[in-house]
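Asker: Take a look and give me a structure for this.
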Amino acid sequence: MNKLLAALIAAAFATAGAYAADAKKEEKKAEKPAAAASAAKADAKAEKPAAAASAKK
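Answerer: This is a model prediction of the structure:
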């Protein structure tokens, strides 16, 4: 009975570890497009004043 209980506990920890690893991978995948989008917004904001200045001349 003790071996069965130990096996169940070990399986529970292994499963939890696998889900945690997958969650970290998903977070990294989600961060990449968000970082690219925020960089694109920053570039667009930087271009607007330059375009406005060249239009005034």
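
Asker: Just the element for residue 26, please.
Answerer: Residue 26 belongs to helix 2-56 when assigned by DSSP states H and E.

Asker: so where's the chain uncertain?
Answerer: By pLDDT under 70, the weakly predicted segments of the chain are 33-57.

Asker: and residue 19, how many neighbours does it have?
Answerer: Number of residues near residue 19 (other C-beta atoms under 10 Å) recorded here: 10. For glycine as for every other residue, the C-beta is placed from the backbone atoms N, C-alpha and C.

Asker: what's the neighbour count on residue 2?
Answerer: Neighbours of residue 2 (other C-beta under 10 Å): 6.

Asker: repeat for residue 5
Answerer: Neighbours of residue 5 using other C-beta under 10 Å come to 9.

Asker: just residue 32 next, same as before
Answerer: Counted with other C-beta under 10 Å, residue 32 comes out at 9.

Asker: Same question for residue 22.
Answerer: Count around residue 22 with other C-beta under 10 Å applied: 10.

Asker: do residue 7 as well
Answerer: Neighbour count for residue 7, taken as other C-beta under 10 Å: 10.

Asker: now swap in residue 18 and tell me
Answerer: The burial count assigned to residue 18 is 10, neighbours taken as other C-beta under 10 Å.
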